[in-house]
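Visitor: Return a 3D structure for these sequence lines:
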Amino acid sequence: MGKKVLIVGGVAGGATAAARLRRLDEDADIILFERGEFISFANCGLPYFIGDVITDEDALTLQTPKSFNGRFNVDVRILSEVTAINRGKKTVTVRSIQERREYEETYDSLILSPGSAPILPPIEGVNSEAVFTLRNIPDTFRIKNFVKKEHPKGAVVVGAGYIGIEMAENLHAAGVDVSIVELTDHVIQPLDADMAGEIHRHLVSKGVGLYLNIGVTALGDGGSAARYRVQLSNGGHIDADMVIMAVGVRPESSLAREAGLMLGTRGCIAVDETMRTSDPAIFAVGDAVEVTDFTTGRKVFVPLASPANRQGRIAADNVNGGNSKYGGVQGTAILKAFDMTVAVTGSNEKTLRDNLIPYLKSYTFSGSHAGYYPGATFMTIKLLFAPETGRILGAQITGREGVDKRMDVLATAIRAGMAVSDLTDLELAYAPPFGSAKDPVNMAGYTATNILEGAWKPFYWNEVTTLDRKAVNFLDVRTIEEFADGTLGGAYNIPLDDLRVRYKELDKTKPVYLFCQIGLRGYIASRILTAKGFNVYNLAGGYRFAGMAGTVIPPTPHSRRKGFQDK
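Guide: Now for the predicted structure:
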């Protein structure tokens with residue numbers, strides 16, 4: 001018999017560690033403890049089972065204890081909670097729920113993968129029967145059974161992160177009228193507020209009530225109107241038959257804390273780059289550990305499945321005597337928000353400001369494939385990059401088709417330490433049904449490189465209202481028809497194609513702040529006017545983005561929400 005390894009917790013981190021360890025060492029004695037019934041399940045797919053996108057409940061279970069044992073020869077003990085780590089004796093105390101007994105198990109190495117737990121805000125009524133969280137398969141079944149049996153008319157989702165948005169979509173698909181209540185000014189916190197504006201409009205277009213900058217203060221009796229009256233911090237209320245609490249998660253680190261292991265940010269288990277804790281015989285992986293942010297170098301809490309899988313593999317390598325290292329987390333993530341797609345990687349503006357990291361930014365609006373081939377949709381790409389080197393610090397994309405593959409390219413570029421100028425040289429797959437000869441990633445690179453090299457100077461959507469219209473030339477270079485259909489207040493119109501003839505209408509003693517629809521014509525106009533001796537600034541992202549950025553939709557009654565058009 002080889003080394004004895006105990007693993008506490010399954011799913012992404014623990015199950016991956018067990019499988020990897022067996023592949024490395026056929027003789028190791030591996031025992032995996034799971035306090036629930038399921039050791040490996042598709043937790044990212046749970047909302048879609050509730051919305052009947054996934055209809056086979058067996059599809060949620062990736063491995064059963066029997067199949068995992070048969071494949072990997074791992075002793076899987078479900079309904080077994082590890083209640084204590086006895087580091088001096090190198091044992092753990094296990095409480096078997098099925099056998100109703102407690103026992104000790106020795107180890108040579110121990111891997112902790114306890115995961116995270118949903119946060120419940122301390123408000124009245126939060127522990128009521130129709131208030132749900134979603135973290136595992138039993139949670140999923142409870143929500144789905146409630147929807148099927150009780151036929152709720154209305155639901156409130158508290159929190160607009162990944163789970164909150166996915167639950168809103170899938171409850172909506174199940175025929176429930178949904179409202180989202182979010183304490184901050186925008187949905188999906190890894191996004192910057194300006195990039196969330198289009199998502200706000202889209203959610204409301206689907207009939208979702210959106211309440212931003214508002215908290216939930218209590219869940220009271222709804223009387224005859226509904227099961228609950230959800231009281232809001234602005235004095236209003238929403239009547240609902242069920243409530244989903246999706247305000248975030250906390251690391252399940254109590255076992256490590258009670259064992260005297262070092263903890264880090266937000267109470268996470270502190271680990272080094274080999275996933276080893278402050279005890280050399282104990283490793284930790286997954287949602288419960290703190291990790292190093294790849295961009296900032298700071299310790300952070302990032303509970304995502306992909307990092308957990310990699311960490312489990314690395315821990316297994318090192319338990320087996322290897323020297324694998326975890327290179328940090330970028331927070332790369334993607335989300336389906338009804339008909340839109342949202343993707344992020346690296347740092348956002350808030351993170352960079354909080355860490356005093358200087359940055360520049362660019363916006364581009366590109367088609368998912370060649371415009372002449374039917375069915376193209378558009379995506380907005382935001383790049384954040386270093387002013388001196390152009391190194392890519394973060395990226396955000398909102399759109400529909402093709403967002404995923406562009407974000408994967410940008411995530412790879414960040415990991416490789418590439419600069420925005422490197423994006424212009426990427427040779428990406430092209431055919432009219434799939435992309436353009438100048439891919440959206442290339443276009444983002446061209447735009448950012450032009451800013452970096454001073455080929456044009458940007459100004460941004462949040463500066464529009466602060467410009468003194470008397471002190472500048474405020475110029476709209478779109479067509480006469482576009483200008484007549486709507487413009488930014490105080491703008492003077494000279495269409496781009498007339499600019500070489502009419503530029504003398506501008507006051508050369510004043511700087512020119514100009515804009516077009518998405519920024520491209522504005523760039524051409526800025527080059528023309530710069531050559532004529534003007535000091536020119538072009539609105540990054542153009543008129544379209546300025547109208548969308550940071551959009552906060554006022555809370556709208558249900559009767560009005562149905563009529564909102566997504567444009």
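Visitor: Give me the contact list for stretch 252-272.
Guide: 8, 82-87, 112, 114-117, 250-251, 277-279, 282-285, 287-291, 299-301 (Cβ atoms under 8 Å, 6 or more residues apart in numbering). For every residue, glycine as well, the C-beta is placed using N, CA and C.
Visitor: now, which of those residues lie within strands?
Guide: Per DSSP state E, strands hold the following members of the contacts of stretch 252-272: 8, 82-86, 112, 116-117, 250-251, 282-284, 291, 299-300.
Visitor: Quick one: buried ones out of those residues?
Guide: Neighbour counting over the ones in strands among the contacts of stretch 252-272 (16 or more other Cβ atoms under 10 Å) leaves 8, 82, 85, 112, 116, 250-251, 282-284, 291, 299-300 as the buried ones.
Visitor: Report the two of those residues separated the most.
Guide: The most widely separated members of these, counting by Cβ to Cβ, are V82 and V300 (26.2 Å).
Visitor: got any ranges where the chain has weak pLDDT?
Guide: For the chain, the stretches with pLDDT under 70 are 1, 40-43, 58, 60-62, 550-567.
Visitor: Tell me which residue is most central in it.
Guide: Closest residue to the average C-alpha location of the chain: A333 at 4.8 Å, with Cα atoms, centre = their mean.
Visitor: That one contacts G346, correct?
Guide: No. Between A333 and G346 there is no contact, the gap being 11.0 Å when judged by Cβ atoms under 8 Å.
Visitor: can you give me the helices in the stretch 201-350 of the chain?
Guide: Using DSSP state H, counting those that start in this stretch, the helices of the stretch 201-350 of the chain run over residues 254-258, 305-319, 349-354.
Visitor: Does Q330 touch R415 like I think?
Guide: Yes. Contact between Q330 and R415 holds when scored by Cβ under 8 Å: they sit 6.8 Å apart.
Visitor: Tell me where the stretch 1-150 of the chain has helices.
Guide: With DSSP H, counting those that start in this stretch as the definition, the stretch 1-150 of the chain shows helices at residue ranges 11-24, 46-50, 65-72, 137-150.
Visitor: Tell me which of these sits nearest to Y543.
Guide: Scanning those with Cβ to Cβ as the criterion, the closest one proves to be helix 46-50, at 35.6 Å.
Visitor: and the gap between P138 and L255?
Guide: With the distance defined as Cβ to Cβ, to the nearest Å, P138 ends up 21 Å from L255.
Visitor: So which of these two has more stuff around it?
Guide: Applying other Cβ atoms under 10 Å to P138 and L255 shows that L255 carries more neighbours, namely 21 against 11.
Visitor: Please report the distance of that one from I85.
Guide: In this view, L255 and I85 are 6 Å apart by Cβ to Cβ.
Visitor: likewise G175?
Guide: Looking at G175 against I85, where the rule is Cβ to Cβ, the gap reads 47 Å.
Visitor: And F483, by the same measure?
Guide: Taking Cβ to Cβ, one finds F483 at 69 Å from I85.
Visitor: Dump the buried ones among the ones in strands among the contacts of stretch 252-272 into CSV; add distance to D468 as well.
Guide: As requested, these are exported to CSV (distance: Cβ to Cβ, whole Å):
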residue, distance to D468
V8, 63
V82, 65
I85, 65
L112, 59
S116, 50
R250, 48
P251, 50
I282, 62
F283, 60
A284, 56
V291, 46
K299, 44
V300, 41
